[in-house]
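In: 3D, please:
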Amino acid sequence: MSLPPLVEPAAELTVDEVRRYSRHLIIPDVGMEGQKRLKNAKVLCVGAGGLGSPALMYLAAAGVGTLGIIEFDEVDESNLQRQIIHSQADIGRPKAQSARDTVLGINPYTNVVLHEGRLEADNVMEIFSQYDLIVDGTDNFATRYLVNDACVLLNKPYVWGSIYRFDGQASVFWSEHGPCYRCLYPEPPPPGMVPSCAEGGVLGVLCASIGSIQVTEAIKVLTGAGDPLLGRLMIYDALEMTYKQVKVRKDPDCAVCGPNATVKELIDYEAFCGVVSDEAQEAAAGSTITPKQLKEWIDDGESIDIIDVREPNEYEIVSIPGARLIPKNEFLMGTALQDMPQDKKIVLHCKTGVRSAEVLAVLKSAGFSDAVHVGGGVIGWVNQIEPDKPVY
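Out: Next comes the predicted model:
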């Protein structure tokens, strides 16, 4: 559906700005009026990572007057495959500062506001209230629901995107005019059911595809041009090179934007999304060992069976000596249980300890009461035992 422009136009464009944005000005659906609206707009990008990188760069290039960046992380070498706003020289720098410098290099007329820290329930309302539009570039469910609920409570529109391997999604949510994120996804998936990009990977260029769609939608909402993806979910399959749309209707029973909403204030989103399930937490209590303890067991010749519950491609990158690969899903399906030894202590590990804790809960319930898992996973092993091995 078409919407009225979100922001009022600025008073004028300077001669230099007219020259810079001339290719926009000759588009009838943007023109001088639309470019003035972009100049007057205040947009916050949540995250300066895979989606935030192209989003921030194209928002700046488009002439958005004020760009906010909220980001707590530092640039890591593994980011550079997809987070193109950062460079080799930025490794170790705060992402927010690196992103700011790139944005100002693209457009010195953009006012960049940094919010260096985590977006949380105790700061989101104050931060979001300063902006007209939110662009969500987050990669975890807890923050996605936090962004959505804050936008609903503040009546802010936001542009959402999601990426995984070769697949991407994008939509516009604005509860005053259409559905919100909870109308599409009322509840988060069970903990560990949907791998993160760090666990499953993402094609670097996919970030550009979805990030540029997010910016296109932001420009449309800000200027009132065209029909934004409000009430529509765009799904992109890079392997098949196909785009399809799914209608998203406002849910009359939505917990946050429905007429009988039960969520009237921000909640504990980590608990809501169950970052680690209660069963996994209970199983891991008293059954978690450190990488150093595992090394001692190996050196002492303990009777143990080390099982890596990651995916085969992860195992190829780096592995703990002596570990055999049985992906987590085989435990969830029950097919791996018959291969578990009865005469050895089972030691599970994954990348960081989340997936192995979930598998540990499965084994405990199946009667393997003395099974343990490695806290910190293979990343902890590399950091503490074999620092010359690669990490990912």
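In: L44 looks like it's in a strand, true?
Out: Yes. When DSSP: H, G, I helix; E, B strand; the rest coil is applied, L44 is found to be in a strand.
In: Please parse the chain into its domains.
Out: The chain resolves into domains spanning 15-274, 278-385 when parsed by the TED database.
In: So what would you say the end-to-end distance of the last one is?
Out: Right, the one you point to is domain 278-385. With CA to CA, to the nearest Å as the measure, domain 278-385 spans 30 Å from end to end.
In: Could you number the chain from 299 rather than 1 from now on?
Out: New numbering, starting at 299: the last item is domain 576-683.
In: So for that domain, mean pLDDT?
Out: Mean pLDDT, computed over domain 576-683, is 93.
In: And that domain, how far out from the chain middle?
Out: Put simply, domain 576-683 sits 26 Å off its chain's centre (CA atoms, centre = their mean, to the nearest Å).
In: just stretch 411-422 next, same as before
Out: Put simply, stretch 411-422 sits 15 Å off its chain's centre (CA atoms, centre = their mean).
In: quick one: average confidence on it?
Out: 96.
In: can you pull out the strands in the stretch 299-448 of the chain?
Out: 340-344, 364-369, 409-414, 431-434 (DSSP state E, counting those that start in this stretch).
In: hey, C-alpha coordinates of the second one in CSV?
Out: Taking only C-alpha atoms (Å, rounded to 0.1, in the frame of the first residue of the first chain), the coordinates of strand 364-369 have been written out as CSV:
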residue,chain,number,x,y,z
THR,A,364,21.1,12.1,10.1
LEU,A,365,22.3,8.5,10.4
GLY,A,366,22.4,6.8,13.8
ILE,A,367,24.6,3.8,14.3
ILE,A,368,24.1,1.5,17.3
GLU,A,369,26.8,-1.2,17.6
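In: Which of the residues in it are classified as buried?
Out: Judged by neighbour count (16 or more other CB atoms under 10 Å), strand 364-369 contains these buried residues: T364, L365, G366, I367, I368, E369. All C-beta atoms are positioned from the backbone trio N, CA, C, and that covers glycine.
In: angle of it against strand 409-414?
Out: 20 degrees (axes from the mean of the first three to the mean of the last three CA atoms, to 10 degrees).
In: quick check: angle from the lengthiest helix in the chain to strand 340-344?
Out: Taking DSSP state H as the criterion, the chain has its longest helix at helix 502-521. Interaxial angle, helix 502-521 versus strand 340-344 (the same axes, to 10 degrees): 150 degrees.
In: Please state the offset of helix 502-521 from the chain centre?
Out: Chain-centre distance of helix 502-521: 15 Å, with CA atoms, centre = their mean.
In: Throw the domains of the chain into a markdown table and include distance to M299, thanks.
Out: Shown next, in a markdown table, are the domains of the chain (distance: least, CB to CB, whole Å):
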| stretch | distance to M299 |
| --- | --- |
| domain 313-572 | 6 |
| domain 576-683 | 40 |
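In: Out of those, which gets nearest to V305?
Out: domain 313-572 (4.9 Å; CB to CB).
In: Of all the domains of the chain, which one is nearest V689?
Out: The nearest among the domains of the chain, by CB to CB, is domain 576-683 at 5.2 Å.
In: Which stretches in the stretch 549-690 of the chain count as helices?
Out: For the stretch 549-690 of the chain, the helices defined by DSSP state H, counting those that start in this stretch cover 567-571, 576-582, 589-597, 610-615, 626-630, 652-663, 675-682.
In: Which residues does the fifth one contact?
Out: Going back to what we said before, that points to helix 626-630. Here helix 626-630 makes contact (CB atoms under 8 Å, 6 or more residues apart in numbering) with G490, V607, R608, A634, L635, C648, R653, E656, V657, V660, L661.
In: got the CA coordinates for that helix in CSV?
Out: C-alpha atoms of helix 626-630 as CSV (Å, rounded to 0.1, in the frame of the first residue of the first chain):
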residue,chain,number,x,y,z
LYS,A,626,23.4,-32.0,16.3
ASN,A,627,20.4,-32.8,14.2
GLU,A,628,21.1,-36.5,14.3
PHE,A,629,20.7,-36.3,18.1
LEU,A,630,17.5,-34.3,17.8
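In: quick one: the residue most central in space within the chain from V457, how far?
Out: Nearest to the mean C-alpha position of the chain, counting by CA atoms, centre = their mean, stands D437 at 0.9 Å. Here D437 is placed at a distance of 15 Å from V457 (CB to CB, to the nearest Å).
In: Against which helices or strands is the longest helix of the chain packed?
Out: helix 329-338, helix 350-360, strand 431-434, strand 456-462, strand 465-471, strand 530-535 (3 or more CB pairs under 8 Å, 6 or more residues apart in numbering; DSSP states H and E).
In: Which of the ones you listed sits closest to I587?
Out: Using CB to CB, the helices and strands packed on helix 502-521 put strand 456-462 closest to I587, at 31.0 Å.
In: Indicate each strand paired with the closest one and its parallel or antiparallel sense.
Out: Neighbouring strands of strand 456-462 in its sheet, by DSSP bridges, are strand 431-434 (parallel), strand 465-471 (antiparallel).
In: Low-confidence ranges, the stretch 349-498 of the chain, go.
Out: Within the stretch 349-498 of the chain, the ranges that satisfy pLDDT under 70 run 488-494, 497.
In: Pretty sure Y429 sits against G366.
Out: Yes. Using CB atoms under 8 Å, Y429 makes contact with G366 at a distance of 5.8 Å.
In: shared neighbours of these two, which are they?
Out: With CB under 8 Å, 6+ apart, Y429 and G366 have common neighbours K340, V341, L342.
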